[in-house]
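Asker: here is a sequence together with a model predicted from it:
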2 protein chains.
Amino acid sequence: MTRRVADSPKPLYQQLADSLRAKIISGELSPGSQLPTEKDLCEEFATARQTVRHGLAVLVNEGLISPARPRGYFVRRHELSYVRPQSEWRPQPSSPEMDRWMEEQTTLGREPSQRISVEIIQPPSKVAERLNIQPTSLVVARRRVRYIDSEPFNINDTFYPYELVKGSEILNPADIARGASQVLTELGYEQVRATDEIEARMPLPDEVARLELGPGNPVLVHRLTGYTANDEPVRCTVNVLIGSKHVVLFERVKPGKASL
Amino acid sequence: MTRRVADSPKPLYQQLADSLRAKIISGELSPGSQLPTEKDLCEEFATARQTVRHGLAVLVNEGLISPARPRGYFVRRHELSYVRPQSEWRPQPSSPEMDRWMEEQTTLGREPSQRISVEIIQPPSKVAERLNIQPTSLVVARRRVRYIDSEPFNINDTFYPYELVKGSEILNPADIARGASQVLTELGYEQVRATDEIEARMPLPDEVARLELGPGNPVLVHRLTGYTANDEPVRCTVNVLIGSKHVVLFERVKPGKASL
DNA sequence: CAGGTGGCATTGTCTAGTCAATCCGCACCA
DNA sequence: TGGTGCGGATTGACTAGACAATGCCACCTG
């Protein structure tokens, strides 16, 4: 038997999703609060459990709620941190122990940590294009997963043409306090120009694994290519940021106008 | 009866999703091609239709496939257009008939169109913050939905403090060929500085409606605030870009280094 | 040949159940 | 007092069906 009326074209699971979504957006159900259980919703909407689950799945995939088995469904929290790509040109961090990101997060009262690994590989095609090299030539991939309060925060993979950085500190899978771009400068490849490409998509399986993501969690992909004064690309960084945790911020001044 | 073996902890619907996802990523199933029907997959995986549908739903929500009822499921295409926020400082468009975006798209051989509406409202809280005004004061909201080849492409809503622009051309819900920021300059509020904030999230219901989005389609939100030489905010633009169709591009030069 | 029309394959919605997995708290025992 | 184990509530996985809705295509009709 179908409980849908001819006049109401919307399927029941959509009505359920709409109803709960409205409560979440209006704030009636605030972040962190618990939703009614599936059983309760079955009774409220006089329907089978599968239909209720279908409606809840819609909201899960919209990133609005997440199930915490077997405690129930909860409204998700969204706390955004700013990412400022331009800050890489700023003065060096004061502490020689930590890189810029670690220092920033510590200042904000969080507990940052990161896992670094280094590989020598053939570059992914998008990276090869941006570094202007053959896909068969070698690059050094410096891969980082960064954590805050032991929760995954973002992925930060930087690719350098192998010929440029061989034998340098960059091959060492440890923190480089003064920054990898400082090392590049010392090697004679100062990065004076950069392009930033930013896109949004759903994560790939390996990203899901590395960032421990569930459904309804898009990622912000920030691809940064750095060039020398001769317009030679020296590095390509691929940042994969969890959408619900990051905002990327740029500041621009009209050409010809005095900057601050 | 459960067909899951004790050794294989993955549920069947995940195995199905993994199997098809691998074929899509490897290219065995190329963009635009059709997947096996639900019935075929039921036989292949020896399972009930609901389980197959569950597996397919995973891929739909990952943005990899989309169902075209009743023809079957197809691998989604992703074609990205570049968005360059910095180009607003560039010389004016040559044609007096079209604004910059329309002209760019026409040059690329596409058929752009847009729907413009203007309202005078109280600003959303995020906009009020950025314009540094009370949430109860009035703003002019110039709303645009842009289409390419009659498919929705992005949303482009700009908010101006009402006091700044009242009586001007900006209240007119039509194309402003020389650009709205030129009008602001003529009114004595030249925008010489801007900040860009970019985030990724799943779309809200009104965005789903305006952009005709299905599941698995994250959006890129680009929030642009423009300031005068006195650091007064003069406008706040909220661009909602369909993730699978846009890349935002910035170019930077290290301070103190000569630009091109 | 143009236009309608009906059948068919396919996906969409929904039911009513079973059994598994997980976490939490409470009762019980040492 | 402190662990320890058990049970209950809840979500997760899956089955085997029914009927609706949609778009396409082949066929019939004028």
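Answerer: Happy to help now that I have it.
Asker: tell me the residue of the stretch 151-260 of chain A that sits nearest DNA strand D?
Answerer: Of all residues in the stretch 151-260 of chain A, residue A:214 sits closest to DNA strand D, at 9.2 Å by Cβ to the nearest atom of the strand. The way it works is simple: take the backbone N, C-alpha and C, and place the C-beta from them, glycine included.
Asker: and that residue, what element?
Answerer: Assigned by DSSP states H and E, residue A:214 falls within no helix or strand.
Asker: now the closest residue to it other than its chain neighbours: which helix or strand?
Answerer: Excluding its sequence neighbours, the residue lying closest to residue A:214 (Cβ to Cβ, 6 or more residues apart in numbering or on different chains) is residue A:66, at 6.1 Å. Using DSSP H and E, residue A:66 sits in strand A:65-68.
Asker: quick one: buried residues of that strand?
Answerer: Neighbour counts over strand A:65-68 (16 or more other Cβ atoms under 10 Å in any protein chain shown) mark A:65, A:66, A:67 as buried.
Asker: as CSV, those with pLDDT and distance to DNA strand D would be great.
Answerer: Listed next are the buried residues of strand A:65-68 as CSV, based on pLDDT from 0 to 100; distance: Cβ to the nearest atom of the strand, whole Å:
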residue, pLDDT, distance to DNA strand D
A:65, 98, 10
A:66, 97, 8
A:67, 97, 4
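Asker: of those, closest to DNA strand C?
Answerer: Using Cβ to the nearest atom of the strand, residue A:67 comes nearest to DNA strand C of the buried residues of strand A:65-68, at 11.0 Å.
Asker: contacting residues for the residue lying closest to the closest one once chain neighbours are set aside?
Answerer: Computed as Cβ to Cβ, 6+ apart, the closest residue to residue A:67 that is not its neighbour in sequence is residue A:73, at 5.0 Å. Applying Cβ atoms under 8 Å, 6 or more residues apart in numbering or on different chains, one finds that residue A:73 lies in contact with A:34, A:35, A:37, A:56, A:60, A:65, A:66, A:67.
Asker: enumerate the residues of the stretch 1-150 of chain A near chain B.
Answerer: Counting by Cβ under 8 Å from any Cβ of the partner chain, the stretch 1-150 of chain A comes close to chain B at A:18, A:21, A:25, A:50, A:57-58, A:61-64, A:78, A:80, A:85-86, A:89.
Asker: helices - which of those land there?
Answerer: A:18, A:21, A:25, A:50, A:57, A:58, A:61 (DSSP state H).
Asker: within range of DNA strand D, give me the residues from chain A.
Answerer: Chain A has residues A:2, A:35, A:37-39, A:49-50, A:53, A:67, A:69-73 near DNA strand D, with proximity defined as Cβ under 7 Å from any atom of the strand.
Asker: pull out the buried members of those.
Answerer: A:35, A:38, A:53, A:67, A:73.
Asker: angle of whichever strand or helix holds residue A:52 against helix B:49-61?
Answerer: Using DSSP H and E, residue A:52 maps to helix A:49-61. Here helix A:49-61 points in a direction 10 degrees away from that of helix B:49-61 (axes from the mean of the first three to the mean of the last three Cα atoms, to 10 degrees).
Asker: for helix A:49-61, buried residues please.
Answerer: Using 16+ other Cβ under 10 Å as the test for burial, helix A:49-61 gives A:51, A:52, A:53, A:54, A:55, A:56, A:57, A:58, A:59, A:60, A:61.
Asker: contact partners for residue A:159?
Answerer: Going by Cβ under 8 Å, 6+ apart, residue A:159 touches A:123, A:127, A:131, A:139, A:140, A:141, A:142, A:235, A:236, A:237, A:238.
Asker: would you write a ChimeraX line that selects the buried entries of the residues you listed?
Answerer: Buried subset of the contacts of residue A:159, written as a ChimeraX selection, criterion 16+ other Cβ under 10 Å:
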select /A:123,127,131,139,140,141,142,235,236,237,238
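Asker: in strands only, show me the contacts of residue A:159.
Answerer: In strands, defined here by DSSP state E, the members of the contacts of residue A:159 are A:139, A:140, A:141, A:142, A:235, A:236, A:237, A:238.
Asker: residue ranges with poor pLDDT in chain A?
Answerer: A:1-8, A:92-97, A:257-260 (pLDDT under 70).
Asker: check which element follows the strand or helix carrying the residue nearest to residue A:67 along the chain.
Answerer: Using DSSP H and E, residue A:73 sits in strand A:72-75. Going down the chain from strand A:72-75, the next helix or strand is strand A:81-83, by DSSP H and E.
Asker: what is the helix or strand harbouring residue A:182 packed up against?
Answerer: Assigned by DSSP H and E, residue A:182 belongs to helix A:180-186. With contacts taken as 3 or more Cβ pairs under 8 Å, 6 or more residues apart in numbering or on different chains; DSSP states H and E, helix A:180-186 sits against helix A:162-165, strand A:233-242.
Asker: which residues touch it?
Answerer: A:88, A:92, A:142, A:158, A:160, A:164-165, A:168-170, A:176, A:190-191, A:226, A:234-235.
Asker: show me which of the residues you listed are buried.
Answerer: Looks like these have A:88, A:142, A:158, A:160, A:164-165, A:168, A:170, A:176, A:190-191, A:226, A:234-235 buried, using 16+ other Cβ under 10 Å.
Asker: redo the residues you listed as a markdown table? Include distance to residue B:149.
Answerer: Converted to a markdown table, the buried ones among the contacts of helix A:180-186 look like this (distance: Cβ to Cβ, whole Å):
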| residue | distance to residue B:149 |
| --- | --- |
| A:88 | 39 |
| A:142 | 42 |
| A:158 | 38 |
| A:160 | 41 |
| A:164 | 43 |
| A:165 | 45 |
| A:168 | 49 |
| A:170 | 46 |
| A:176 | 48 |
| A:190 | 44 |
| A:191 | 39 |
| A:226 | 36 |
| A:234 | 39 |
| A:235 | 37 |
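Asker: and which of those is nearest to DNA strand C?
Answerer: Nearest to DNA strand C out of these is residue A:142 (Cβ to the nearest atom of the strand; 34.0 Å).
Asker: element containing the closest residue in space to the closest one that isn't next to it in sequence?
Answerer: Closest residue in space to residue A:142, ignoring its immediate chain neighbours: residue A:158 at 4.8 Å, by Cβ to Cβ, 6+ apart. In the assignment (DSSP H and E), residue A:158 maps to strand A:151-161.
Asker: now swap in residue A:248 and tell me
Answerer: Per DSSP H and E, residue A:248 falls inside strand A:246-253.
Asker: is that strand in proximity to chain B?
Answerer: Yes: residues of strand A:246-253 contacting chain B under Cβ under 8 Å from any Cβ: A:246, A:247, A:248, A:249, A:250, A:251, A:252, A:253.
Asker: for the first one, what are its contacts?
Answerer: Remark: with contacts taken as Cβ under 8 Å, 6+ apart, residue A:246 is in contact with A:80, A:81, A:82, A:83, A:154, A:220, B:199.
Asker: nearest spatial neighbour of the first one, skipping sequence neighbours?
Answerer: Looking back up the chat, that one is residue A:80. residue A:247 (4.9 Å).
Asker: what of the fifth one?
Answerer: Once its chain neighbours are removed from consideration, residue A:154 has its nearest residue in residue A:241; the separation is 4.6 Å (Cβ to Cβ, 6+ apart).
Asker: what sits against that neighbour?
Answerer: Residue A:241 neighbours (Cβ under 8 Å, 6+ apart): A:83, A:154, A:155, A:219, A:220, A:221, A:222, A:248, B:200.
Asker: in a strand, the last one, correct?
Answerer: To tie it back to what came earlier, the one meant is residue B:200. Yes: the assignment for residue B:200 (DSSP: H, G, I helix; E, B strand; the rest coil) places it in a strand.
Asker: tell me the bridge partners for it.
Answerer: residue B:220 (DSSP bridges).
Asker: what about it, neighbour count?
Answerer: 27 (other Cβ atoms under 10 Å in any protein chain shown).
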